[in-house]
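Colleague: Have a look; sequence and predicted model below, questions after that.
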Amino acid sequence: MDFQDFNNFVGHHTLIYGETGTKKTLYTAKFMQFLIESKEVIPRNITLLDFAPSLNIIDNVKIGGKIKDFYRNNIKCRNITFEGEIIPPRLNSSNKTELYQNACENFKKTSEILHLFKKDPTPILIINDISIYLHIGNIKLLLEAIDKSNTFFGNSYYGSSIKRDYATLFSLREKRQVEYLIKKVEKSYFTG
């Protein structure tokens, strides 16, 4: 995976995926910076959907983090936002019921802005932390939104560091959804 030449991602649908702390959000922010500062893309032609929870450090591991944490000029782009915050479902639950309540709250927020993008797309779509939507979301809506863009760049958690005993099936579904998405995009890169 060569993130030195971001030209390789322009005009393509690209997914980067991997464990926590493997710089997925950083690479995504750097791609946005490249588009705006090097390619001189008009920022209103770039839509950002940021599904990530706020940055947390748990057991010395960075979890979550928004694009704005790495690139402040993301505000020049079209940011479709939602009310409230994303809840890290496994980290903020103590049982299966809370896990799915958190995932449902996240689904309402993320699906709403996916629908908004689908109704009014831009040539470039950037999505941070896709797995938040995939916990219980329908991958069909995600793929329809991606297909509306000429250039798509997104990232997703794909690992085993975030786990809870009561979340085994939840995590398995997430993993399978990400694997399906990997097959559907043009380019995919494992970050570790």
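Modeller: Okay, I see it.

Colleague: all strands for the chain, in order.
Modeller: Under the criterion DSSP state E, the chain contains strands at 13-18, 46-50, 56-58, 61-63, 78-79, 124-128, 151-157, 187-190.

Colleague: Save those as a markdown table, and put in mean pLDDT too.
Modeller: As requested, the strands of the chain are exported to a markdown table (pLDDT from 0 to 100):
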| stretch | mean pLDDT |
| --- | --- |
| strand 13-18 | 98 |
| strand 46-50 | 98 |
| strand 56-58 | 74 |
| strand 61-63 | 71 |
| strand 78-79 | 98 |
| strand 124-128 | 98 |
| strand 151-157 | 98 |
| strand 187-190 | 96 |
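
Colleague: Ok, which of those comes nearest residue 110?
Modeller: Of all those, strand 46-50 sits nearest to residue 110, with 7.5 Å by Cβ to Cβ. For every residue, glycine as well, the C-beta is placed using N, CA and C.

Colleague: can you tell me which residues contact the closest residue to residue 167 other than its chain neighbours?
Modeller: By the measure of Cβ to Cβ, 6 or more residues apart in numbering, the closest residue to residue 167 outside its immediate chain neighbours is residue 90, 5.1 Å from it. Taking Cβ atoms under 8 Å, 6 or more residues apart in numbering, we find residue 90 in contact with 99, 162-164, 167, 170-171.

Colleague: And for residue 134?
Modeller: With Cβ under 8 Å, 6+ apart, residue 134 has these contacts: 142, 156, 173-174, 177-178, 181.

Colleague: Most widely separated two among those?
Modeller: The widest separation within the contacts of residue 134 (Cβ to Cβ) is 14.1 Å, between 142 and 173.

Colleague: neighbour count winner among the two?
Modeller: Set residue 142 next to residue 173 and count neighbours by other Cβ atoms under 10 Å: residue 142 wins out with 23 against 15.

Colleague: how close does that one sit to residue 166?
Modeller: Distance check for residue 142 against residue 166: by Cβ to Cβ, to the nearest Å, it reads 26 Å.

Colleague: Residue 130 versus the residue nearest to residue 167, what's the distance?
Modeller: 16 Å.
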